[in-house]
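# curious how this folds, go ahead:
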Amino acid sequence: MCSADSICSTVACGQGNCTVAPGTLGYRCDCRPGWTQLHVGDSLRFLPCVIPNCSIDSSCFNGSPAPAPALALTPLPPPKNFSLDPCELAYCGAGGTCRKNGSGMSYHCECKEGYSNLLNMTAMPCFQNCSIGADCASIGIHPSSTSNSPPAPPGSESISNQGSTAAPGSISQRILLPLLLMVVVSLAVGYVM
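Next up, the predicted model:
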């Protein structure tokens, strides 16, 4: 069993910092000012901080309304066919698709043409350059910081998580079993009610 202090050395919190905390997973990601994470109420605080709290208008090219970020809950597969997929919890934005990196637990967001990763970090969501609002400059996002040039290869960029060696798009294997148990219990409680 690992010590509580070593938990944060394996977790990527995006634009946030890992903090050891009581609970099932033993940590949470505390987002830097201007950033947030996908969450429901006070749940899922272990997810990385990859959603900017600034004006993002993804309708700037096609005139369609911007979809709100949402965590899509999919039914659990039968246990004999279960596979751990980090893309089940990754948010890649309206212009991105999550791609698993090899056989491990890391991922990257692959952007459609005309979209690019925020801050040129492949674990960050994909947006169009024209969608970045002027208020995003206060958290370091400028239209010039998202370019149409290809981002660095997955795992080569640096996302701070207090010295972690985990790849930016990695989801610690230590959190997946407790997370799975949490989801199963939540689903069971939902069916009982």
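
# all helices of the protein, in order?
Along the chain, counting by DSSP state H, helices occupy 4-7, 173-192.

# least reliable of those helices going by mean pLDDT?
Lowest mean pLDDT within these: helix 173-192, at a mean of 44.

# burial count for the nearest residue to residue 39 once chain neighbours are set aside?
Among residues not flanking residue 39 along the chain, residue 45 sits closest, at 6.1 Å (Cβ to Cβ, 6 or more residues apart in numbering). Quick note: C-beta positions are derived from backbone N, CA and C, even for glycine. Using other Cβ atoms under 10 Å, residue 45 has 19 neighbouring residues.

# hang on, isn't residue 45 packed against residue 38?
No - using Cβ atoms under 8 Å, residue 45 is not in contact with residue 38, being 10.2 Å away.

# ok so, going back, got the confidence number for the residue nearest to residue 39?
For residue 45, the predicted pLDDT is 82.

# same thing with residue 29?
We have a pLDDT of 90 for residue 29.

# how far away is it from residue 115?
Counting by Cβ to Cβ, to the nearest Å, the gap from residue 29 to residue 115 is 24 Å.

# the more surrounded of the two?
Neighbour count, other Cβ under 10 Å: between residue 29 and residue 115, residue 29 has more, with 27 against 23.

# residues near the closest residue to the more buried one other than its chain neighbours, how many?
Among residues not flanking residue 29 along the chain, residue 13 sits closest, at 3.7 Å (Cβ to Cβ, 6+ apart). Neighbourhood size, residue 13 [other Cβ under 10 Å]: 29.

# and the one 10 residues further on, by the same measure?
Around residue 23 sit 11 other residues, with neighbours defined as other Cβ under 10 Å.

# same deal with residue 41?
Look at residue 41: counted by other Cβ under 10 Å, it has 6 neighbours.

# equivalent analysis for residue 47, please.
Neighbourhood size, residue 47 [other Cβ under 10 Å]: 25.

# likewise for residue 88?
Residue 88: 17 surrounding residues under other Cβ under 10 Å.

# over to residue 16?
Using other Cβ under 10 Å, residue 16 has 25 neighbouring residues.
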